[in-house]
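Engineer: quick one, fold the following:
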Amino acid sequence: MRRLRSLIARVVRRRAHRPTVPEATTLSAAAAPGDPGARVGAPVPPDPGSPAEAPGRVDRVNPQPAPLSEVVTTAEHYDVVVIGGGPGGYATALYGASAGLNIAMIEKGKLGGTCLNVGCIPAKELLETAATYLHVSEAAEFGVNVGEPSLDWSTSLARKDKIVDGLVSGLGSLLKGRKVTVLDGHGRLHAGKKVTVSGGSSGDLELSADAVVLAPGSLPRTLPGFDVDGRVVMTSDEVLSMPEVPKTAAVIGGGVVGCEFASMMSDLGTKVTILEALPKILPGLDKDVTRVIEQSFKKRGIEIRTDVKVEGHEPSGSGTSVKVSGESLDVDVVVVSVGRRPNTDDLGLDGTGVVVSDRGFIEVDGTCRTGEDGVWAVGDCIATPALAHIAFMEGVTAVQDVLGEDPPGIDYGKVPWCVYTRPEAAFTGMSEEQAKEAGLEVVTQKSRFNHNGRAMIVNQPEGMVKIVAEKDADGGAGRILGVHMAGPWVTEQLGQGYLAVNWEATVDDMASLIQPHPTMTEVLGEAMISLTGRPLHG
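Structural biologist: Predicted coordinates for the structure are as follows:
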């Protein structure tokens, strides 16, 4: 594949010319680890001049402190100061430290941000609890007789907390090992790349830097009339620590997070209703693949109401009555899952060129540079997909730009998405609808899991893989535009599809590759070979 060969050649050239840098040293011992820290308005024009001359870029490691006339005597100077210790922030710190930069990272809560503490990790742990409960319930089908399972929710929560605490501790050790100075407190940016720290155990500090990366993270969005009390009305933050599994629940929002919570609670015995304002749940996922999730949900008793308007609620007894398009829905709890908003309300920014949009996002260009020379922004505070793995790569991109390495930027239309419902969903690239809206002629192929031996063995035959390819001049399938999947463990199978879409592979390229047997990835292989016009099993 031409793009793959070009990519490898570029990486080899960069590594061959990259200077060796000494190990970074910190200016002070790390303070008690602290947390947070999903994104573009009008693009910010790139700085003029060559990469080495661009303002804010670091062309030396551990530069000598600036003269006292330029830096307040109480300020400590760093190559890069990062505000926020979530995925975007700590990825920036770790990657920058690996390049030999002297890094300070400011965090006002626990390290790891939303993802590690009240997002990806705890949510998936509770989803695994639900999957285990279901697996035990079906054990008799395998000849394993264990009786009816029961759930000890407090033990499930304790296990979740243990995993989160272990990962937070490990992250702190990793940062310490890379000699990143971690400061506990609230970071704010001021003119001249001055950063103040206050309100935490590190005390009141002033820092200066050659470059600053803003990564303040995000907060759950709420709805008017739904005051969060953590008992009846919850956001994603509170659901992960709710004291008991409710008998009934309304989930407002049919996006990724809402569907994951609905799936988890349903598998643990909750009667769930999803309320979505849009025509379909899981926007972005191909409609044929979405239909697999919808059918599974309905079969399990999850009610899905789309094109509805939620108008408030009236508490009654131990629950509440939700007003939905003129009707009432009585439930024990309401989960408000309508996305997250950027945490940019108190970042300072006075006297800087950093621009914040009306929606609260920091405006950046293709390499995450803001309108202020030497200041970048990454993660949930910019208007790009609010995914931890996107924030990781934005942090990498920012550091590469700081170092003058001319990073290629991120193609946000081809990033990987994963949905941890039952069955799981995963996708990358265009759906069939998106490709047609873009004016492309396409060829598609669907291959199902219900004929796959491995899927049948694990008793999870629901699902399909759908390939969207560009139609060649001869009417056949050419370049792969999108891979959309629903089924068992598809979040672990998306890698091949992600590489195919991003390396602009053709159907013939992928059909010639061997899928191991018996595995679930054979379903992807079957779809590819079927698109060549010579199907194997399908």
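Engineer: for stretch 167-176, buried residues please.
Structural biologist: L167, V168, L171, G172, L175 (16 or more other C-beta atoms under 10 Å). No exception for glycine: its C-beta is placed from N, CA and C like everyone else's.
Engineer: against I121, how distant is the second one?
Structural biologist: Counting by C-beta to C-beta, to the nearest Å, the separation of V168 from I121 is 9 Å.
Engineer: what do the two both touch?
Structural biologist: Listed contacts common to V168 and I121 are G112; contacts here mean C-beta atoms under 8 Å, 6 or more residues apart in numbering.
Engineer: what about K309, neighbour count?
Structural biologist: Neighbour count of K309, defined by other C-beta atoms under 10 Å: 10.
Engineer: mind listing what the closest residue to it other than its chain neighbours touches?
Structural biologist: Using C-beta to C-beta, 6 or more residues apart in numbering and skipping the chain neighbours, the partner closest in space to K309 is S325 (5.2 Å). Shown in contact with S325 (C-beta under 8 Å, 6+ apart): V308, K309, E311.
Engineer: can you lay out those residues as CSV showing distance to Q460 and pLDDT?
Structural biologist: Output for the contacts of S325, formatted as CSV (distance: C-beta to C-beta, whole Å; pLDDT from 0 to 100):
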residue, distance to Q460, pLDDT
V308, 31, 97
K309, 36, 96
E311, 38, 94
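Engineer: restricted to strands, list the residues you listed.
Structural biologist: Using DSSP state E, the members of the contacts of S325 that fall in strands are E311.
Engineer: any idea which element R291 lies in?
Structural biologist: When elements are assigned from DSSP states H and E, R291 belongs to helix 287-299.
Engineer: one more: I410?
Structural biologist: Under DSSP H and E, no helix or strand contains I410.
Engineer: do I have it right that it meets I390?
Structural biologist: Yes. Shown here, I410 and I390 form a contact pair, counting by C-beta atoms under 8 Å, at 7.1 Å.
Engineer: higher neighbour count, those two?
Structural biologist: A direct count of neighbours by other C-beta under 10 Å for I410 and I390 places I390 higher, at 24 against 18.
Engineer: separation between the spatially closest residue to K298 that is not a sequence neighbour and G339?
Structural biologist: Closest residue in space to K298, ignoring its immediate chain neighbours: I304 at 6.8 Å, by C-beta to C-beta, 6+ apart. Applying C-beta to C-beta, the value for I304 to G339 is 18 Å.
Engineer: try G478
Structural biologist: From G478 across to G339, the span is 36 Å (C-beta to C-beta).
Engineer: for D346, grab phi and psi.
Structural biologist: Backbone torsions of D346, given as degrees, to the nearest 10, read phi -130, psi 60.
Engineer: pLDDT score for the residue nearest the centre of the chain?
Structural biologist: The centroid of the chain falls nearest to L387 when counting by C-alpha atoms, centre = their mean (1.6 Å). You'll see L387 listed with a pLDDT of 97.
Engineer: where does the chain dip in pLDDT?
Structural biologist: 1-74, 538 (pLDDT under 70).
Engineer: max-length helix in it?
Structural biologist: helix 153-177 (DSSP state H).
Engineer: what comes up buried for the very next helix or strand once past it?
Structural biologist: Beyond helix 153-177 in the direction of the C-terminus, DSSP H and E gives the next helix or strand as strand 181-184. For strand 181-184, the buried set under the neighbour-count rule, 16+ other C-beta under 10 Å, comprises T181, V182, L183, D184.
Engineer: got it, and stretch 351-364?
Structural biologist: Within stretch 351-364, the residues that qualify as buried are T352, V354, V355, V356, F361, I362, E363, V364, counting by 16+ other C-beta under 10 Å.
Engineer: let me have these in CSV, extended by distance to A215.
Structural biologist: Shown next, in CSV, are the buried residues of stretch 351-364 (distance: C-beta to C-beta, whole Å):
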residue, distance to A215
T352, 16
V354, 13
V355, 17
V356, 15
F361, 13
I362, 10
E363, 15
V364, 12
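Engineer: ok, these vs A91, which is closest?
Structural biologist: Ranked by distance to A91 (C-beta to C-beta), the buried residues of stretch 351-364 are led by V364 at 16.0 Å.
Engineer: and that closest one, that's in a strand?
Structural biologist: No. V364: not assigned to a strand; according to DSSP: H, G, I helix; E, B strand; the rest coil it is coil.
Engineer: I'd say it and T370 touch.
Structural biologist: Yes. V364 lies in contact with T370 (C-beta under 8 Å); the separation is 5.6 Å.
Engineer: which one of the contacts of S325 sits closest to L285?
Structural biologist: Once C-beta to C-beta is applied, the member of these that ends up nearest L285 is V308, at 19.6 Å.
Engineer: how about the closest one: what's its closest non-neighbour residue?
Structural biologist: Counting by C-beta to C-beta, 6+ apart, the residue nearest V308 is S325, at 4.7 Å.
Engineer: could you do L499 as well?
Structural biologist: Distance criterion C-beta to C-beta, 6+ apart; nearest residue to L499, sequence neighbours excluded, is A505 at 7.4 Å.
Engineer: residues near the residue nearest to D227 when sequence neighbours are not counted, how many?
Structural biologist: Of all residues not flanking D227 in the chain, V233 sits nearest, at 6.4 Å (C-beta to C-beta, 6+ apart). Neighbour count for V233, taken as other C-beta under 10 Å: 23.
Engineer: same thing with D204?
Structural biologist: 11.
Engineer: so what does the residue nearest to it when sequence neighbours are not counted have for phi and psi?
Structural biologist: In space, not counting the residues next to it along the chain, D204 is nearest to S198; the distance is 5.0 Å by C-beta to C-beta, 6+ apart. S198 adopts backbone torsions of phi -150, psi 160, taken as degrees, to the nearest 10.
Engineer: which residues does S198 contact?
Structural biologist: S198 makes contact with G185, H186, R188, D204, L205 under the criterion C-beta under 8 Å, 6+ apart.
Engineer: if we can go back for a sec, and G478 and G339? Which one has more around it.
Structural biologist: Between G478 and G339, counting by other C-beta under 10 Å, G478 is the more crowded of the two (19 against 16).
Engineer: what about S98, how many residues nearby?
Structural biologist: Residues lying near S98 (other C-beta under 10 Å) number 13.
Engineer: distance of the nearest residue in space to it that is not next to it in sequence from G170?
Structural biologist: The shortest distance from S98 to any non-neighbouring residue, by C-beta to C-beta, 6+ apart, is to R178 (6.7 Å). Plainly put, R178 is 13 Å away from G170 if you go by C-beta to C-beta.
Engineer: related to what we said a few turns ago, what's the separation between the residue nearest to V308 and E363?
Structural biologist: Distance from S325 to E363, by C-beta to C-beta: 36 Å.
Engineer: likewise Q445?
Structural biologist: In terms of C-beta to C-beta, Q445 sits 40 Å off from E363.
Engineer: next one: G353
Structural biologist: Using C-beta to C-beta, G353 is found at 10 Å from E363.
Engineer: thinking again about what came up before, hmm, W417 and the residue nearest to the centre of the chain touching each other?
Structural biologist: Yes. With contact defined as C-beta under 8 Å, L387 counts as touching W417 (7.3 Å).
Engineer: right, and K309 touches I252 too?
Structural biologist: No. Contact between K309 and I252 fails when scored by C-beta under 8 Å: they sit 10.7 Å apart.
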